[in-house]
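J.: below: sequence and its predicted model.
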Amino acid sequence: MSELPFKPSQPLTMGVELELQIVNTRDWNLTRGASDLLGAVAKAKHTGEVKPEITESMIELSSSVQTGHAGLLAELRALRDTISAAASRLNLGVAGGGAHPFQLWNDRRIYDTERFNHLAGVYGYLAKQFTVFGQHIHVGCADGDEAVYLTRMLSRYVPHFIALSASSPFQQGEDTLFDSSRLSVVNAFPLSGRMPPVDSWQAFEAYFSRMRGFGIVSSMKDFYWDIRPKPEYGTVEIRVCDTPLSVERAATLAAYAQSLARWLRLERPQPSGDSLDLVYSHNRFQACRYGLDARLIDPLDGASVPMPKDLAETFGRIEAHAAALDCRPVVQALLMGAQEQGNDSRRLRTRFKEAQSFPDVVRWQCGQWMQAAH
Amino acid sequence: MPELAFLPGLPVASSQIVWFGVLLLAGVLGGEIAKQAFFLPRITGYALAGLALGPEGFGLLDKALLRDLRVFTDISIGLILFELGHRIDLAWLKRSSRLALTSAAECAASAALIYWTLNHFFAVPPLYAVAAAAIGVASSPAAVIRITADLGAEGQVTERTLLLVALNCSIAVLALMALVPWLHLEYQGGWRTILLHPLYLLGGSFLLGLVASAITLQLIEWLGKHRDAQVLLLIALVLVTVGAAIALKLSVLLALLAYGALMRNLDRNHSVVAPDFGLTGQMFFLILFVLAGASLDLSAAGAGIAIGLAFIAARLAGKTAGVMAFIPGSGLKMRQGLLLAAALTPMSGLAVILLQDTESLFPEFGRALASIVLPPVVLLEIAGPIVTQLALKWAGEARPEAPEGTNR
């Protein structure tokens, strides 16, 4: 009996978790609304799940297991409508975005559960600063070995997910100059970063038992890695995305992850080996800081490539797989149109430039998330 | 010239500045003692400090001085009602009609029960019982606004308390205005007065609020979204509006409520940054409560303790019944509903002003009415804020107490 059993799931199924901001509709700051909102949502019928997160200004919605983009999008839209209806009855706003533009971290309140109080005790101010909002994408894996393989191979594409999802340009009332400032907050945690270079589930289990033996971790939940295997769900989980401003973009990002996974799984391209470790942090920083204007270093040949070019080349590689998964048009628009359309951080900055007021930006964000139904 | 003429003569002539400072000082100390030694709301401490200073206490503040300081009360009331009006979010009421029904039920049930209790058990004549019931509909906006701010309370109970208070104050003001013709009839006013006086009060006050909000929105449009400048501008315009309402013999209460509510709901471009009067506002609140405490007439409460307790019980029962009737299906739990009803308990400053307004129009009637309404007001001046504070704490909506050393 293994210590960390990997529950196999149907390969390439997928699911999405979105952490959302709860704001008041008076000054548009984050507010204590999670328990009231969850109470109101609990009475409505819906698939998927709506759960509390670490602070009272945050909820998390998660889809059920989906096989394709269309199904996922339909479910996310239904969930969004349920939450929006409940929020509007309570006069609360719900918004996407990786960070609230002007909340002050020490105003936050920890959601009252044993685990969250424990985390607040361990991490002190970091727990409250962790008031950031991410999207997690799960892709199903046949077994643990596949999860470890995908975790390693998807690392190469982490900068893409960061730049495409980035929606946290503002923090604490300041323009951070980053496209995704949210990840800098995650970096502060001692167990953030990457999975160690293991190449099988057996090796991963051995690593995990040692860490548990040291008393450093007690479950997989304690790792805040960019990508991690999730043995309870039988998935690989990408955790670097900011929550986009709309569920539409969230579904598209998931479709991109699914297409990449299919390509990796079926074509087994050449691994980048050690050199990826050398460039990983650099490329990740570039994506956080510059978003779609980042230049990435190709771990295979050392060339410096502009993000849009790298996205376009990637699309060329996975096009057939996106087509096989019935999501070619959305993935194409995401990767090929990235530069022209811009990411959500760019949209937020444009909005701020027009309004010159952070509360206005948040009001607009709520409009984007709650009503952007088309 | 005597050599020591530079020394002040005895007794030292005190000025209003000194008294103003003493008032402030007593309030600050009273508030902190209440908060830190007794875990009571600060405003209860303010009122008790005022009581100690006033004619019923050590007599440092006499009635003449209290009259001189009346201007501060007027300003405070203006700021509070403006803020209260700004809490009336018509969009929310439109989305959630249940909330409007809750407000109507809460007001109707508390008025009906107060009327019945006074008329049935204390043989209060109908006209007086109706006027007392109308005043009893209103919760104290100052107490509720100050306590939610002091506790940093956030959540559904807090938000709904503020909205219901804004609505029940507006309804109480309008209800008393509707009584004006009846009172004129009772006191043999001419038909012109009977007809035109309420219309002048209602229309004039509303129009003043409308003009003030239109001017504010224009100015703010031009000023841009600078929070500090906006706040100062709002304070200035609130003062002008209060002064204008007094000069025009309009209702300060209605004019300022209308000003706040119209400014919020006519602001289509969202150009007004949410008003927060900050430390300035706090200072006026403090003065208001100290003065209210100093003006408390304990003997009135002593004489009418039975009627006061019955009034309070009827009012609480009515508000609870009205709120609870619409809790199922509102997304709130029953427990939250009960706490919401309890949070509406305070009744103080606004009731006194409504009384004074009535008294200035109908002196004889006003004095008789005071003997009915003052006992519950005096009792609730102290007890009301404590109930609201407990309700919001039990609802889990108060900001958690900061650990030692982090003073927030």
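T.: Now that the structure is in, tell me what you want to look at.

J.: and stretch A:334-341, which residues are buried?
T.: Neighbour counts over stretch A:334-341 (16 or more other CB atoms under 10 Å in any protein chain shown) mark A:Leu334, A:Leu335, A:Met336, A:Ala338 as buried. (Each C-beta comes from the backbone N, C-alpha and C, glycine too.)

J.: wait, stretch A:348-360
T.: Within stretch A:348-360, the residues that qualify as buried by neighbour count (16+ other CB under 10 Å) are A:Leu348, A:Arg349, A:Arg351, A:Phe352, A:Ala355, A:Ser357, A:Phe358, A:Pro359, A:Asp360.

J.: which other residues reach it?
T.: A:27-29, A:97, A:101-102, A:167, A:169-170, A:173, A:175, A:245, A:361, A:364-365, B:224-225, B:270, B:273-274 (CB atoms under 8 Å, 6 or more residues apart in numbering or on different chains).

J.: so which residues on the stretch 51-200 of chain B come close to chain A?
T.: Residues of the stretch 51-200 of chain B lying near chain A by CB under 8 Å from any CB of the partner chain: B:Asp89, B:Trp92, B:Arg95, B:Ser96, B:Glu154, B:Gly155, B:Gln156, B:Glu159.

J.: which two of those have the greatest separation?
T.: B:Arg95 and B:Glu154 (19.7 Å; CB to CB).

J.: look at these two and report which has more neighbours.
T.: Of the pair B:Arg95 and B:Glu154, B:Glu154 is the one with more neighbours under other CB atoms under 10 Å in any protein chain shown, namely 24 against 15.

J.: Three-state assignment for the more buried one, please.
T.: Of the three states, B:Glu154 takes coil under DSSP: H, G, I helix; E, B strand; the rest coil.

J.: now do the SS call for the closest residue to it other than its chain neighbours.
T.: Nearest in space to B:Glu154, with sequence neighbours left out and distances taken as CB to CB, 6 or more residues apart in numbering or on different chains, is A:Arg32 at 4.0 Å. At A:Arg32 the chain is in coil, as set by three-state DSSP.

J.: now do the host helix or strand of B:Gly85: which elements does it pack against?
T.: Assigned by DSSP states H and E, B:Gly85 falls within helix B:70-86. Judged by 3 or more CB pairs under 8 Å, 6 or more residues apart in numbering or on different chains; DSSP states H and E, the packing partners of helix B:70-86 are helix B:141-151, helix B:156-186, helix B:227-247, helix B:252-266, helix B:278-294, helix B:349-361.

J.: list the buried ones in the very next helix or strand once past the longest one?
T.: Downstream of helix B:156-186, the next assigned helix or strand under DSSP H and E is helix B:191-223. Of the residues in helix B:191-223, those scored as buried under the neighbour-count criterion (16+ other CB under 10 Å) are B:193-194, B:197-198, B:200-202, B:204-206, B:208-213, B:216-217, B:219-220.

J.: about what we covered before: filter the residues of the stretch 51-200 of chain B next to chain A to the buried ones?
T.: Buried among those by 16+ other CB under 10 Å: B:Asp89, B:Trp92, B:Ser96, B:Glu154, B:Gly155, B:Gln156, B:Glu159.

J.: can you pull the contacts of the first one?
T.: Right, the one you point to is B:Asp89. By CB under 8 Å, 6+ apart, B:Asp89 lies in contact with A:Thr25, A:Arg26, A:Asn91, B:Leu163, B:Arg264, B:Asn265.

J.: and the helix or strand that contains B:Val130, what's buried?
T.: Using DSSP H and E, B:Val130 sits in helix B:126-137. Within helix B:126-137, the residues that count as buried by 16+ other CB under 10 Å are B:Leu127, B:Tyr128, B:Ala129, B:Val130, B:Ala131, B:Ala132, B:Ala133, B:Ala134, B:Ile135, B:Gly136, B:Val137.

J.: export those to JSON lines and append columns for pLDDT.
T.: Shown next, in JSON lines, are the buried residues of helix B:126-137 (pLDDT from 0 to 100):
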{"residue": "B:Leu127", "pLDDT": "91"}
{"residue": "B:Tyr128", "pLDDT": "92"}
{"residue": "B:Ala129", "pLDDT": "94"}
{"residue": "B:Val130", "pLDDT": "94"}
{"residue": "B:Ala131", "pLDDT": "93"}
{"residue": "B:Ala132", "pLDDT": "94"}
{"residue": "B:Ala133", "pLDDT": "95"}
{"residue": "B:Ala134", "pLDDT": "94"}
{"residue": "B:Ile135", "pLDDT": "93"}
{"residue": "B:Gly136", "pLDDT": "94"}
{"residue": "B:Val137", "pLDDT": "95"}
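
J.: of the residues you listed, just say which sits nearest to A:Pro159.
T.: Distance to A:Pro159 across the buried residues of helix B:126-137 (CB to CB) is lowest for B:Val137, with 61.9 Å.

J.: please tell me how far the residue nearest to A:Gly144 when sequence neighbours are not counted sits from B:Ala111.
T.: Using CB to CB, 6+ apart and skipping the chain neighbours, the partner closest in space to A:Gly144 is A:Trp201 (2.7 Å). A:Trp201 sits 71 Å away from B:Ala111, going by CB to CB, to the nearest Å.

J.: give me the more crowded residue out of these two.
T.: Using other CB under 10 Å, the more surrounded residue of A:Trp201 and B:Ala111 is B:Ala111, with 26 against 22.

J.: in chain A, which strand has the most residues?
T.: Assignment by DSSP state E gives strand A:14-24 as the longest strand of chain A.

J.: which secondary structure elements does that one contact?
T.: Applying 3+ CB pairs under 8 Å, 6+ apart, one finds that strand A:14-24 contacts strand A:58-62, helix A:69-89, strand A:92-95, strand A:134-140, helix A:247-267, helix A:358-371.

J.: mind redoing it with 7 Å?
T.: strand A:58-62, helix A:69-89, strand A:92-95, strand A:134-140, helix A:247-267 (3 or more CB pairs under 7 Å, 6 or more residues apart in numbering or on different chains; DSSP states H and E).

J.: the shortest one vs chain B: in contact?
T.: No: contact between strand A:92-95 and chain B is absent, the nearest approach being 8.8 Å (criterion: CB under 7 Å from any CB of the partner chain).

J.: any idea which helix or strand comes after that strand?
T.: Next along from strand A:92-95, by DSSP H and E: helix A:114-123.

J.: what comes up buried for that next one?
T.: Within helix A:114-123, the residues that count as buried by 16+ other CB under 10 Å are A:Phe116, A:Leu119, A:Ala120, A:Tyr123.

J.: which stretches in the stretch 1-150 of chain B count as strands?
T.: Assigned by DSSP state E, counting those that start in this stretch, the stretch 1-150 of chain B shows no strands.

J.: low-confidence ranges, it, go.
T.: Applying pLDDT under 70 to the stretch 1-150 of chain B flags the ranges B:1, B:10-14.

J.: returning to that earlier point: so can I have CSV of the helices and strands packed on strand A:14-24 showing mean pLDDT and mean neighbour count?
T.: Output for the helices and strands packed on strand A:14-24, formatted as CSV (pLDDT from 0 to 100; neighbours: other CB atoms under 10 Å in any protein chain shown):
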stretch, mean pLDDT, mean neighbour count
strand A:58-62, 94, 22
helix A:69-89, 94, 20
strand A:92-95, 96, 25
strand A:134-140, 97, 25
helix A:247-267, 96, 23
